[in-house]
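Q: Using only what follows, build the 3D model:
(chains A and B)
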Amino acid sequence: MSGMDAIIKEFLAESAENLDQMDQDLIVLEKDPANQEVFSRIFRTIHTIKGTCGFLAFGKLEAVTHSGETLLSHLRDGSLELSPEVTTTLLAMIDAVREILSAIDGTGGEGDGDYSDLIADLERLDEQVGQKKKDDPKDDDTSGIMKPGRIELVTEIIEDSKEAEASIEPKVTPKKKSPSKRRKKKESTVTEDLSAKDPVGGGADSGGADTVRDLEIEAPTTTALGESSLRVDVHVLDHLMNLVGELVLARNQILRLSEGTDDHQFEAASIRLHGVTTDLQEAVMRTRMQPISLLWKKLPRFVRDMSQQFGKKVDIHMEGQDTELDKAVIEAIQGSLLHLVRNSLDHGIEKPDLRQERGKPPTGNLRLKAHHEGGNVLIEVSDDGGGIDHEAVLKRGLEAGLVSEAEAVSLDASQIRALIFQPGFSTAHRVTNVSGRGVGLDIVRNNIEAIGGSVEIHSDPGKSTTFRLKIPLTLAIIPVVLVASRGQRFAIPQLSVVELVRFDDESGGLGIEDLNGVPVYRLRGHLLPLLYLDEELGFTTSRKPGGGSVNIVVLQGDDRRFGLIVDAIEDSQEIVVKPLGRLIDGLPYAGSTILGEGAVALILDVLRLGLKAGVVSEARSHQAAPDEELEIAAGVDRRTLLYVMGPADERMAIDFSAVDRLEFIPVSDIEKVADLPVVQYRNEILQLLWVDETLPERRTQMRKIADDPDLDALQVVVCTVDGLRIGLVVYRILDIMDRNMDVTRPASREGIETCVVVEDRVTEIIDLKTLIRLADPGFFERGLQPSSGGR
Amino acid sequence: MLQYCTFWVGELFVGIEVSRVQEVLSHSSITPVPLAPVHVKGLINLRGHIVTAIDMGQRLQVGPAGSADGDMMHVVLNDDRGMLSLVVDRVGDVVELDKEAYEDPPETLQGEARRLIRGAFKLEGRLLLDLDIDYVVAISG
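A: Model (predicted):
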């Protein structure tokens, strides 16, 4: 009997919940009778109770719910209107059900209440249906098709199968069916569907029977499905999350109280509370996260169907399927993602024969990538198709009046590509039945921007197209490093953090150096540009002439590294990313978070910080990476250069990637080995080369400087060329710059790669290899000093 | 009769319709937002929601709201775009007002305050300024 008890208990618990919901639902329904979703829920509840109590042999309950269900079915198919009287009677029915259930809970029996009046009421209301039907010719037709004898047959079959129905949860589908279809369904029910049940007591009411049958055939979903997972309203989770937040605050108060007490038991209890609260907080936060694979798993099938339709061959590749996003975000981007995939299949990837003509394998590739980056999720949809035909896009833009002739001339490649996001940019001549139906990419952009994201497009004409979505992970959990600046804590996404460096500035020579006003730090032989966080945040400088310890957070902003000097590096922890409050825009913050003790901390947007300070240039930001080829083709060069000054105030530059270190080398340290100037440097012998060695007249001048008794040290740029180290002696180191340069003229002499104009000065970019060969032809052959690494 | 929630910002006695106010609280912990406009006092944690606190003193150009030792009151508004807190010096009663007592803003009101104040109710002994809350909420920087 214990097994039965368990079933009854479960039945009671479930029913109680459902009835509470039903109360509310009926109220909603009264105001909004067209709400099918609510209706379905009500119907399902009563239906389930009825089915189960039949199985458990609660006759009275069955009778009540049966009448109720019949009435509901008529409401559902519209043959009866939800009048206040009907609502009241239904609410009375719910009360009756509740009463019987509580009797069962208490005594095991159904109690001695008499519900015949209620049942009579329900039936009386139900009889109005018939009358209404007679007035309605269409419904008359329907009832003509339904043959009462048939329904009785159904009833008989079903009476024997109560057990089966107990596990059936019908899904109500508000669909109107044509009479002929109905008949077909009905017959199949008679012969096959054992799970159908008797919906109408005497079988006299055809409309109700019809409805219920539809329900059951549509979708007999089993309830057994929900064993390991549970559907929970997201609002419930939100609420839970806020409650946990409150709990954390209360916990912190308790902890503070416990600090001032000698009561060890209290202390122990509060520590336990602390642990449990932390775990709870984490667990609740995780409930909202879902992997993006939830969204992607539909795609292989989608791509297969679509590519067949287009007569194309496409392989789909997916990377980063475990990337977690907030549920709401996943839902918000679903449509846009499908649209982009469809767009790639339709307009991007070419047909197999065309691909072969273009020298590509006949099967195209569609790639989806997702990963977290600095408080955002980046999702890429790329294909190796025809890319974007800039001319065609521009032509279309002109036709559609999106740009004027005058504007068109001055548009660059990325501006042209941006045109496809304009409303009204519909490639009407390429309309297919799948895409190009007026739902343009502008909708995609709007949808993504609506949730605070952005869309970019990159294209390599003839080769590929990539859409890059940057989606904020509201509510997402990311690991961060907490740092302090001016007594305020800030979170830096750990994904951007390369390493943490702390040193005492007294340790001589290893500290922060000034490179023409730009602070740099030598990190294992590489120069790291530095930013002071407090300065970047608008506080007055904390730059100290020396002394004290320095904390540097080494950050990766796209493909550039830079160091952020903070007052203290506190802790690393996982945080929940929350959107910034209202009215805070355009600042270098990626969001905000609530720390353990309830304080709000800002999450730094590392990339924006770097861009703002100029250590990461717009050009170098990796979003632009695919553009680089184009820009080089267009004669635009972007490089990071170390600017140096020659003895006659001329400007020269060295490619920064070859630079290891910048050193001051005392003149007295210079020795001669086989007539070559060398110094002992970090347990190596470093050969020195005067930067304008190729110009004999200047060489003399430089030597003079070296011989100048007032000058006790030379500025040396230590470079690695082909794995060999060499020290370039320069007159002065000026700056490190990373920018766009217009090539003005080719090199005028050997050892110079090219000439550019930087800040109105003609600057020669040194071709290190050639320069070294010119000055010392034997340098590379000798392999004098193998590089000790350091990179 | 109109119901107004009243508060003090500097010398100004200001009110907004009570229906716009979600709650009033004293909240000491506020996180400043470096680089933000001066009228953004900072962010507060309101039961797990991050809420931007607007310094009404700065908005009304009468100097920062709140006392020197950090005491301040938050009048929290909630509309379809979420919550927003107005930081004020002191909160007064909810008062019932007669439309008859309403007048256009006093001429002496200058600058930004002039745009933020829709009008004034003549109360006994003082004026209650009617804050144009939509304008306060609409500003973004």
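Q: Double-check A:Gly59 against A:Gly109; I have them as touching.
A: No - A:Gly59 is beyond contact range of A:Gly109, at 11.0 Å (criterion: C-beta atoms under 8 Å). C-beta here means a position set from N, CA and C on the backbone, and glycine is covered the same way.
Q: And the strands in the stretch 501-650 of chain A?
A: Along the stretch 501-650 of chain A, counting by DSSP state E, counting those that start in this stretch, strands occupy A:512-515, A:518-523, A:526-532, A:549-557, A:560-566, A:568-576, A:589-594, A:600-604, A:636-645.
Q: Out of those, flag the one nearest A:Leu122.
A: Proximity to A:Leu122 (C-beta to C-beta) singles out strand A:568-576 among the strands of the stretch 501-650 of chain A, at 50.0 Å.
Q: ok, residues contacting the closest one?
A: A:282, A:285, A:475-484, A:489, A:491, A:494, A:500, A:502, A:551, A:553, A:593-596, A:601, A:603 (C-beta atoms under 8 Å, 6 or more residues apart in numbering or on different chains).
Q: now swap in stretch A:91-111 and tell me
A: Contacts of stretch A:91-111 (C-beta under 8 Å, 6+ apart): A:8, A:12, A:15-16, A:19, A:22-23, A:26, A:49, A:58-61, A:64-65, A:67-68, A:113, A:115, A:118, A:121-122.
Q: Chain B contacts on the stretch 501-650 of chain A?
A: A:537-539, A:578-589, A:592, A:594, A:598-602 (C-beta under 8 Å from any C-beta of the partner chain).
Q: Now list the buried members of those.
A: In these, burial by neighbour count holds for A:537, A:578-584, A:587-589, A:592, A:594, A:598-602, counting by 16 or more other C-beta atoms under 10 Å in any protein chain shown.
Q: Dump the strands of the stretch 501-650 of chain A into JSON lines; add mean pLDDT and distance to A:Ala268 as well.
A: As requested, the strands of the stretch 501-650 of chain A are exported to JSON lines (pLDDT from 0 to 100; distance: least, C-beta to C-beta, whole Å):
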{"stretch": "strand A:512-515", "mean pLDDT": "76", "distance to A:Ala268": "47"}
{"stretch": "strand A:518-523", "mean pLDDT": "80", "distance to A:Ala268": "46"}
{"stretch": "strand A:526-532", "mean pLDDT": "85", "distance to A:Ala268": "44"}
{"stretch": "strand A:549-557", "mean pLDDT": "84", "distance to A:Ala268": "35"}
{"stretch": "strand A:560-566", "mean pLDDT": "87", "distance to A:Ala268": "36"}
{"stretch": "strand A:568-576", "mean pLDDT": "79", "distance to A:Ala268": "24"}
{"stretch": "strand A:589-594", "mean pLDDT": "85", "distance to A:Ala268": "27"}
{"stretch": "strand A:600-604", "mean pLDDT": "91", "distance to A:Ala268": "30"}
{"stretch": "strand A:636-645", "mean pLDDT": "68", "distance to A:Ala268": "57"}
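Q: right, and these - which one's nearest B:Val76?
A: Of the strands of the stretch 501-650 of chain A, nearest to B:Val76 by C-beta to C-beta is strand A:600-604, at 14.9 Å.
Q: And the residue at the greatest distance from the centre of chain B, how far from chain A?
A: The centre of chain B is farthest from one residue, B:Glu100, which by C-alpha atoms, centre = their mean lies 23.3 Å away. Taking C-beta to the nearest C-beta, to the nearest Å as the measure, B:Glu100 falls 36 Å from chain A.
Q: Any stretches of chain B with poor pLDDT?
A: B:28, B:68-70, B:139-141 (pLDDT under 70).
Q: Show me which residues of it are close to chain A?
A: Near chain A, when you scan chain B using C-beta under 8 Å from any C-beta, you find B:29-36, B:40, B:42-45, B:47-54, B:81-82, B:84, B:139-141.
Q: Give me the subset of those residues that lies in strands.
A: B:40, B:42-45, B:49-54, B:82, B:84 (DSSP state E).
Q: burial of B:Ser27, as a residue count?
A: Just so we're on the same page, residue B:27 is His rather than Ser. For B:His27, the count of nearby residues is 16 (other C-beta atoms under 10 Å in any protein chain shown).
Q: any chance of the ones in strands among the residues of chain B next to chain A in JSON lines, with neighbour count and distance to A:Ala413 too?
A: As requested, those are exported to JSON lines (neighbours: other C-beta atoms under 10 Å in any protein chain shown; distance: C-beta to C-beta, whole Å):
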{"residue": "B:Val40", "neighbour count": "23", "distance to A:Ala413": "38"}
{"residue": "B:Gly42", "neighbour count": "23", "distance to A:Ala413": "42"}
{"residue": "B:Leu43", "neighbour count": "28", "distance to A:Ala413": "40"}
{"residue": "B:Ile44", "neighbour count": "25", "distance to A:Ala413": "45"}
{"residue": "B:Asn45", "neighbour count": "25", "distance to A:Ala413": "45"}
{"residue": "B:His49", "neighbour count": "19", "distance to A:Ala413": "43"}
{"residue": "B:Ile50", "neighbour count": "23", "distance to A:Ala413": "39"}
{"residue": "B:Val51", "neighbour count": "24", "distance to A:Ala413": "43"}
{"residue": "B:Thr52", "neighbour count": "21", "distance to A:Ala413": "39"}
{"residue": "B:Ala53", "neighbour count": "28", "distance to A:Ala413": "44"}
{"residue": "B:Ile54", "neighbour count": "28", "distance to A:Ala413": "42"}
{"residue": "B:Gly82", "neighbour count": "14", "distance to A:Ala413": "39"}
{"residue": "B:Leu84", "neighbour count": "22", "distance to A:Ala413": "42"}
